[in-house]
Every structure is written in structure tokens, then in C-alpha cells.
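> Please work out how this folds:
(2 chains)
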Amino acid sequence: MSDEQCLIAADRSRRVLIHAVVLLDAWLETMRGPDGYGGPVVHWWQDNFLYTGVGLDWRYEGIILGYLNLYRNTGDERWLDKARRAGDDLVRGQLPSGNFRASCFEANPDTGGTPHEAACDRALIALAQVLRERVDPAWEVYAGAARRNLEGYILRFLWNDEGRFFQNTPADPTFVPNKAATTAEALMAWADLTGDGEVMERYVFPTLDRIIVAQVRSPGHPLDGAIDQGVMGRKGMGRFFPFYIARCIPALMEGYERSGRVAYRDAARAATAFLLRYRRPDGSFPQIVYRSGRVGETPRWVAGAGDILRAMERMRRDGMEMNTETTLAWLLRGQHPHGGIATARGFSGRNGSHPPSHPDFRDLLPVCGWADKAFRYLTGRVCRGDVLPEVGPLPEVEMNGEFRGVRCLYRETPRWIEVRGENGWRYRWTKGAPWAEVNGRVWPGIL
Amino acid sequence: MSTPSPRPPGALSDLLHRTAFNLCAALAGATERAYLVAGNPFYAAELSERLSQAENRGKARRPPVLVWADPRPGAWPEVADRLQNFPPGGQVLVLTAGWSGRRWARRYLGEGGEAGWPLSPAVVARRLADEGFRVTARYGIGGAAYHLWEALACAALLLRRDDWVDSLHARARHALVSSDGPVEMSRLVILVARKQEGR
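Purely as a prediction, here's the structure:
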């Protein structure tokens, strides 16, 4: 390509990216109810189609940080307003204990979710930082909410002082690296905001050290660089999820920048190399790699690939050579005309059913807590000078799908999501309502 | 009506109960008023929290709903009293232990059990029929298929096939709720009954 062709192609890809961002923002607006962002949840561990009210969980990490990206990169106050509005959801939804209500994502409306509450803290602290830079006294409200959660729950109930690590839950002493990494990120942001360097020595560095212990280091081995999903005592689970491994990388790099400890950087590079080894030609990543070497290919995250891209981008800035474009294309291909981004591909393959002729309903369904990851990444690529246009009314989306081998029709409008079978609707959520509607006989798996 | 949960934060209720509570709340839907009668404080806290979220949202007026969770015999007069005032179309949701749930409880809590075991689905259905309510839907949570897949997952664990374990757990979760067949055999059962016209 000539220089001119390159410029045209680059301009076109920027326009595609900006269009994706404004559409996704518009779709997120449709997912807001009276208390914040809601909607059904699909996940590898379990789905939650019934509770559809606000979830003060990790969706707020990507949403707030995404809007802050847009504000920083464009200077447009409307994006800061949206970040503040999301921060207000968290402040309003904070319990006297410091916890956030409905913070367990797939297990909502339970509270005390990990890494969800730490992810909310991370976002609140970033918002407070921006407001403080603007000499806006409201920053203290958001910083105060994060402090109440960090002190009242995370440091009080999750920190295992004897083992010097963050537990999975107050009752489960498993060390889960990706969750601990999110907590470490929140604490590093807290240290920046308050100048409290003690949290680094006391909590952050021991946490990052422990993540390194959970990493496979065996040069030449296919699992080299992989970080175990969980470690109980000294025993690893033997499950390696590329998505969760990617969520460890930014914390390791931030730890390296603050401490100069090369071990953190080496661990991040090895983890990235693992991700790249397992990346598929279409830019996607398998769901899980087992200790035995067996690979669980599906479901492959689409919107969630935003967090993997963010990690890859971080390492590219550190000098690792890699192509992120195929994964970006994988993510963007998942965007529906109404702006929501498909959650995954291949959910039905997980249950051992035959290859479906249509995508699984769970693949198609956009979920706030996955779309936020795409939003955070894509907004990070918006540059100064980019103009983000207003979008018109969002179109209705109607797609053929399957659920448990039964054909269905997935329909979404700005006001509701519906799944129709041959005999009428089987699942319906009126956006903003805290609970989905249930119609007659159970469709196994949806309920 | 929300009362604080007795569980500390981060201590999740088990999947079966969480699903049952969520299904009760979804079935109750957006109603002007949901009444709750619960036989134990755990159910009371979990359900009141969920039901309170559906209230006062400015939705269209719908017939009242009573959720009777862990139905103890001693609570029947209170329930019957409330149901008498329900208009036709009024709904009652009953969350109780099914056959395997009662068997499980006897095994772990002893044959005598505590005073006032929850009423079985069949007994509740008969009492509701006497009050003019007809059962319109039944849901079983944790039925035979769920337990079969979970048992196979345990076997896979012994064989050290983590991939099979995950796949079988996923199948178990898909089979968690059923509305067909002998749902009364499940660990937990939800009955939905509506008041008939002319009663």
C-alpha cells in the first residue's frame, strides 16, 4: 500500500472504531434502570437470567473507566457526567458495611462479590482522581465510598494476614490471582490518590509476588507463562483461563513500574507469550487450558476480549511485538447493529451438543458486565481530536438462535429483550425491571 | 419489607437456594404488594430483600402475591387469613422442600427433626385448594437429572478429568430447574397457585 492508501485505511479504521464506541455507549444507555446498569448475565461458571436489576459489580469498572477515557481523550464534559452518574450508582448502592449491593455478577443479587467490589473501587478512585484534578470537591464522595469498601470489607475480611494474600471470599481461603490482581490495582490507585505508600509494601507487593508463584515457569512447555486460576494452600487448580490471565497483566506491569522489580515484568511478558501461543487464527482465545494440556475451546469471549486486548496493548507499549488487529477485528465483528456486543461464541459447544446451525442465545446476548470490557478498551483508543457523533435511534435487533438445540428468536429493542420459541415468548426482560418475566414451562438452562 | 441478610458479605447462599429465591422473586413479578410468610429467618431475609426490589416501581397494578416459604404447619392460620382477602387472580407461591430435600434433611437433622417440618407440596396443594386456589405451575430445583450430572462430575474428579468435571457441572446447572415430570422429587419445590373466580 502507498502512504496515501495507508492513511485512507487508517482513517477508515478510526471511523469504524469511533462508530463502535458511540453505538456501544448508546446501547449501554438502554441498559440503565432507576438504580444503574442492569440486565441478564451469562458466564462460564453460571448464568443469571432471572435477576436483571442493577449489578454493582465489575461492569462499573469498564463503564466508569471507559467514560473517563472518553473525557480525557476528547475533553467533552458529557463523558465525565456519565462517569459521575455511574459513580453515583455505586455511592447510592453502598451498604453500611461498605459493601456494594448486588455485587456478585452471575450470583446477583448477593453482595460481597470478588473481584467485583475491588473493580468498583478501582473505578471510583479513578473518578475521584479526575475530579480532584479539576478541584471539584465531589471527589471526596467517591474516594470516601472506595475507602469504606477497601477498609470495611477488602482489607478487613479478605486479607489473610498470616498467609499475606487476599482470599477468594471471607470463607474461602483460595488465592485467585486475577481477583487479587484487581485488588492490587485498586490499592495502587488508592496509594496514588492518598500518597499512602504503606499499602504497597503491606498488601500490593506480597500479592504480586504470590501471583508469580501461581505462574507456570517451564521454558518450552506449552503452559509456560500461564497463571493458575486458583491456589489453595500450595495446590493449584490446574485450570488456566486466558481471559483471567490477561486480567493479571496490568497489575504486574503497574507493580513493575512502581518498584522496578523485573520479576513482575518478566511474569507479565511470559503471561502475554502464553496468550499469544493460544490465540486462534481468527483472533479469539480458547476459554480454558487444563493442566493436562487439554483445551476447552468454547465459549470464546467476544466482548470480554477487550480486557485481553488491553493487556496486549500494555505489553506492546513495553516493547513486545504482536499484532492486536486480528483480536480487535474479532471483537468488532461481534457488535450488533444496536450497539451491544455479543458475549461469546460457542456456548452450546460447552454442553457437548452437536454443532448448532445457529448461534446459542447466550452467545448473542450482550451483557453489561462483558460489554464494559470492550467499552474500556475501545474508548482507550479514541484519540485527541476525534469527534464522537451523536447516534440516532437504535434499531431493533432480531436474530435466529438456538438454546439447548431448540431454535429460538432473540429480539432486542431499547425497551426489552425477548427470546421467542415456537409457541411464543419464553423469556422476557423489560429493561429497567429488577426481575425477568417467566412464562410457563421452564426452558432448561434459562431458568 | 427488606430485612438485613443474616449472611456475612461474601458468603453466598448455595446455588439451589439462590435459584429458588430468584425464581420466587421473578414469579412474583412487579406487584403492588408482595406478602411474605417465612418459616425461618434465612428464607425471610433472602426473600424480603428480593421481593422489595420489585415493589413500588410504578408498574401496572397486578393482583397481590403471597410468598409462603418453608411452610410450617403453625403458620397456616396466618396464611389462610391473608388468602381469604385475595381477589380472583391473586397468587400464592410456595417454596418448600421436595422429596429429596426432606430425605436430605432427615438424614442430616435426624428422623424426629425439629418441631413443625415444612409441609410437603402435596399437603400444601390440598390446603390451598380448600381455600379456592388452583396450582397452575410447579417448579423443581435440584431434581434427579441435576443430581445425576453432579454425581458424574464427582466420578470425573476421581478420574482426574478436570475437563469432564467442568462439562458435567455445566450440564448439572442446566438441569437445575425443571417444570416437567415428578418435580416433587426435587430438593426444593415451588408451587404457583391462583385464586379461582367465584371463590
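> What residues does chain B have near chain A?
B:5, B:8-13, B:15, B:18-19, B:22-23, B:25-30, B:49-50, B:53-54, B:57, B:59, B:137, B:139, B:162-163, B:166-167, B:170-171, B:173-180 (C-beta under 8 Å from any C-beta of the partner chain). (Each C-beta comes from the backbone N, C-alpha and C, glycine too.)
> could I get the helix-or-strand element of chain B with minimal mean pLDDT in CSV with only the CA atoms?
Every helix and strand in chain B was compared by mean pLDDT, DSSP states H and E; the lowest is helix B:99-109, with a mean of 76. Taking C-alpha atoms only, helix B:99-109 is exported to CSV below (Å, rounded to 0.1, in the frame of the first residue of the first chain):
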residue,chain,number,x,y,z
TRP,B,99,-39.0,-35.4,48.5
SER,B,100,-35.2,-35.5,48.2
GLY,B,101,-34.9,-32.3,50.2
ARG,B,102,-36.9,-33.9,53.0
ARG,B,103,-34.9,-37.1,52.8
TRP,B,104,-31.7,-35.0,53.0
ALA,B,105,-33.0,-33.1,56.0
ARG,B,106,-33.9,-36.3,57.8
ARG,B,107,-30.5,-37.8,57.1
TYR,B,108,-28.6,-34.8,58.5
LEU,B,109,-31.1,-33.5,61.1
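> tell me the angle of the next helix or strand after that helix relative to helix B:99-109?
Downstream of helix B:99-109, the next assigned helix or strand under DSSP states H and E is helix B:121-130. Here the directions of helix B:121-130 and helix B:99-109 differ by 120 degrees (axes from the mean of the first three to the mean of the last three C-alpha atoms, to 10 degrees).
> residues of the following helix or strand past helix B:121-130 that come out buried?
As assigned by DSSP H and E, the chain's next helix or strand after helix B:121-130 is strand B:133-141. Residues of strand B:133-141 classed as buried under the neighbour-count rule (16 or more other C-beta atoms under 10 Å in any protein chain shown) are B:133, B:135, B:137-141.
> Using CSV, lay out these together with pLDDT and distance to B:Ala125.
Formatted as CSV, the buried residues of strand B:133-141 follow (pLDDT from 0 to 100; distance: C-beta to C-beta, whole Å):
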residue, pLDDT, distance to B:Ala125
B:Phe133, 96, 9
B:Val135, 95, 5
B:Ala137, 92, 12
B:Arg138, 93, 9
B:Tyr139, 94, 13
B:Gly140, 95, 14
B:Ile141, 96, 17
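> could those residues be laid out in a markdown table, adding distance to A:Val199?
Below are the buried residues of strand B:133-141 laid out as a markdown table (distance: C-beta to C-beta, whole Å):
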| residue | distance to A:Val199 |
| --- | --- |
| B:Phe133 | 58 |
| B:Val135 | 57 |
| B:Ala137 | 52 |
| B:Arg138 | 53 |
| B:Tyr139 | 47 |
| B:Gly140 | 49 |
| B:Ile141 | 43 |
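> Tell me the spacing between the closest residue to B:Phe133 other than its chain neighbours and A:Asp386.
Excluding the flanking residues, the one nearest B:Phe133 by C-beta to C-beta, 6 or more residues apart in numbering or on different chains is B:Ala193, at 4.0 Å. As judged by C-beta to C-beta, to the nearest Å, B:Ala193 and A:Asp386 stand 58 Å apart.
> Using ChimeraX, define a selection of the buried residues within the residues of chain B next to chain A.
Buried residues among these (16+ other C-beta under 10 Å), as a ChimeraX selection:
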select /B:5,9,10,11,12,13,15,18,19,22,23,25,26,27,28,29,30,49,50,53,54,137,139,162,163,166,167,170,171,173,174,175,176,177,178,179
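> How is the residue nearest to B:Phe133 assigned, secondary-structure-wise?
When classified by DSSP: H, G, I helix; E, B strand; the rest coil, B:Ala193 comes out as strand.
> elements contacting the worst-scoring helix or strand of chain A on mean pLDDT?
Counting by mean pLDDT, DSSP H and E, chain A has its least confident helix or strand at strand A:437-438, which shows a mean of 84. Packing partners of strand A:437-438 (3 or more C-beta pairs under 8 Å, 6 or more residues apart in numbering or on different chains; DSSP states H and E): strand A:424-430, helix B:15-28.
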